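Chemist: One predicted model, sequence on top.
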Amino acid sequence: MADTTKIPTTVITGFLGAGKTTLIRHLIENPGGRRIALIVNEFGDIGIDGEVLKACASPLCTEDDIVELANGCICCTVADDFIPTMSALLERPSPPDHIVIETSGLALPQPLVRAFNWPEIRNQVTVDGVVTVVDGAALADGRIAADETALADQRAADGALDHDDPIEEVFEDQLAAADMIVLTKADLVTDDARARVRKQLGAALRPGVTMVDAAHGVLPASVLLGLEAAAETDLAARIGHHAEGEEHEHDDFDTEVIDLGVFADARTLITRARAAIAATGLLRLKGFAHIDGKDMRLVVQAVGPRVETYFDRPWHQDEPRVTRLVAIGLAGYDAAALRAILSGG
């Protein structure tokens with residue numbers, strides 16, 4: 001049972017494109033009366049997810065309550081970034097009621113949970129629960145992520161990668177750490193397929209781990225928060241592929257920022273994004289776009305062949321109206337081809 005004198009913290013983890021940001025966006029818009037502080041760990045050069053979340057902050061979760069860590073995977077920068085950030089939140093005159101941490105898609109949850117035992121913060125916070133978000137539609141199709149082409153190419157290069165694939169190792173560790181599994185895109189999966197996925201996941205989970213379905217990130221705060229797991233006291237039961245003290249590398253992924261000009265319309269951007277992803281096997285493409293004649297910025301979220309866009313807010317008066325996208329792919333993808341296709345070349 002968690003110590004009720006400590007501020008509860010929920011760690012939300014999951015693979016690229018699984019739906020973490022959508023889930024958290026709904027949570028901070030519907031916080032259930034809690035003042036939530038949010039730490040967003042964006043693995044890349046600019047904070048796309050942090051900006052999306054700031055645009056929908058509720059009165060109980062203002063922009064000042066959203067902190068972004070953009071210096072790399074949170075599990076690799078615990079001492080330099082995470083601990084100082086947590087300390088600063090805890091030292092505020094009015095500390096939050098609950099802290100939510102969104103990890104990058106590449107993060108191993110275990111080192112982050114272990115950090116809650118660091119002397120600087122251990123007497124003030126506890127891990128209320130680790131929530132692992134998984135792509136139900138992809139799993140129903142027998143894939144870990146939406147982009148099956150990139151995974152197939154990697155496996156084809158070396159048959160030994162079937163069980164040692166870095167992406168699979170990350171997925172295994174995220175499942176091992178979980179107190180709750182959120183099966184996203186439930187509206188895209190049949191009842192039979194969902195039952196099959198649940199059975200598959202259940203075989204990999206610790207006893208007592210809860211599994212819930214979600215469509216469009218809609219789950220009440222009362223479901224996600226208040227698990228009282230005190231996960232930092234239970235690390236021995238949460239070891240996955242990577243044993244205690246073992247490090248992991250991120251060399252299997254490349255991330256870059258792509259700056260582009262104005263687009264005539266959203267349809268042109270979507271068409272080019274789909275073509276670029278198909279040609280390069282990109283895992284993820286996300287960011288903001290400037291559409292000619294529009295006074296609002298267009299948010300772009302692409303996973304595999306699925307490209308979603310929406311206008312989230314007006315451009316600020318002093319904000320440059322640019323198109324800036326973050327591309328995340330397996331190491332060695334053709335970045336030049338990606339840029340050329342997105343540019344209309």
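Modeler: Arrived safely.
Chemist: Quick one: the strands in the stretch 151-300 of the chain, in order.
Modeler: For the stretch 151-300 of the chain, the strands defined by DSSP state E, counting those that start in this stretch occupy 180-184, 210-213, 253-260, 284-289, 296-303.
Chemist: Among the ones you listed, single out whichever gets nearest to Leu269.
Modeler: strand 284-289 (5.5 Å; Cβ to Cβ). For glycine as for every other residue, the C-beta is placed from the backbone atoms N, C-alpha and C.
Chemist: the inter-axis angle of that closest one versus strand 253-260?
Modeler: Between strand 284-289 and strand 253-260, the angle comes out at 20 degrees (axes from the mean of the first three to the mean of the last three Cα atoms, to 10 degrees).
Chemist: How about residues contacting strand 284-289?
Modeler: Residues from elsewhere that reach strand 284-289 (Cβ atoms under 8 Å, 6 or more residues apart in numbering): 16-17, 46, 48-49, 51, 105, 147, 258, 260, 263, 266, 269, 273, 276-277, 297-303, 307, 309, 322-329.
Chemist: Swap in 7 Å and give it another go.
Modeler: Here strand 284-289 makes contact (Cβ atoms under 7 Å, 6 or more residues apart in numbering) with 16-17, 48, 263, 269, 273, 277, 297-303, 323-328.
Chemist: Count the residues that sit near Ser104.
Modeler: 26 (other Cβ atoms under 10 Å).
Chemist: Just say helix, strand or coil for it.
Modeler: Reducing the assignment at Ser104 to three states with DSSP: H, G, I helix; E, B strand; the rest coil gives coil.
Chemist: Next, it: phi, psi?
Modeler: The phi/psi pair for Ser104 (degrees, to the nearest 10) reads phi -70, psi 160.
Chemist: One more: the one 4 residues further on?
Modeler: With angles defined as degrees, to the nearest 10, Leu108 sits at phi -90, psi 120.
Chemist: Thought Glu172 was touching it, still the case?
Modeler: No - checked against Cβ atoms under 7 Å, the pair Leu108 and Glu172 is beyond contact range at 9.8 Å.
Chemist: Just want to know which of those two has more residues nearby.
Modeler: Using other Cβ under 10 Å as the criterion, Leu108 and Glu172 rank with Leu108 on top: 26 against 18.
Chemist: before we move on, the earlier item: if you average pLDDT over each of the strands of the stretch 151-300 of the chain, which is lowest?
Modeler: Mean pLDDT is lowest for strand 253-260 out of the strands of the stretch 151-300 of the chain, coming in at a mean of 83.
Chemist: Which secondary structure elements does it sit against?
Modeler: Applying 3 or more Cβ pairs under 7 Å, 6 or more residues apart in numbering; DSSP states H and E, we find strand 253-260 packed against strand 323-330, helix 335-342.
Chemist: what is the orientation angle of the last one with strand 284-289?
Modeler: It stands for helix 335-342. Helix 335-342 runs at 50 degrees relative to strand 284-289, counting by the same axes, to 10 degrees.
Chemist: Centre of the chain to helix 335-342, how far?
Modeler: For helix 335-342, the separation from the chain centroid amounts to 25 Å (computed by Cα atoms, centre = their mean, to the nearest Å).
Chemist: Contacts for it, please.
Modeler: 256, 258, 260, 272-273, 275-276, 279-280, 282, 327.
Chemist: Among the residues you listed, name the buried ones.
Modeler: Among these, those scoring as buried are 258, 260, 272-273, 276, 280, 282, 327 (criterion: 16 or more other Cβ atoms under 10 Å).
Chemist: How is the protein divided into domains?
Modeler: Here the domain parsing of the chain from automatic domain parsing is 7-238, 253-342.
Chemist: and the longest one, how far apart are its ends?
Modeler: Using Cα to Cα, to the nearest Å, the gap from the first to the last residue of domain 7-238 comes to 22 Å.
Chemist: Excluding residues flanking it in the chain, which one is nearest Arg198?
Modeler: Excluding the flanking residues, the one nearest Arg198 by Cβ to Cβ, 6 or more residues apart in numbering is Met211, at 6.0 Å.
Chemist: residues in contact with the one you found?
Modeler: Going by Cβ under 7 Å, 6+ apart, Met211 touches 181, 183, 198, 201.
Chemist: what about the protein, any weak spots by pLDDT?
Modeler: Applying pLDDT under 70 to the chain flags the ranges 1-4, 42-50, 52-58, 60-65, 67-81, 145-166, 241-253, 303-304.
Chemist: all helices of it, in order?
Modeler: Using DSSP state H, the helices of the chain run over 20-29, 48-54, 83-90, 109-114, 136-140, 148-157, 161-164, 166-176, 191-202, 221-224, 266-280, 335-342.
Chemist: If you count neighbours, what's buried in the last one?
Modeler: By that I understand helix 335-342. By neighbour count on 16+ other Cβ under 10 Å, the buried set for helix 335-342 is 338-339, 341-342.
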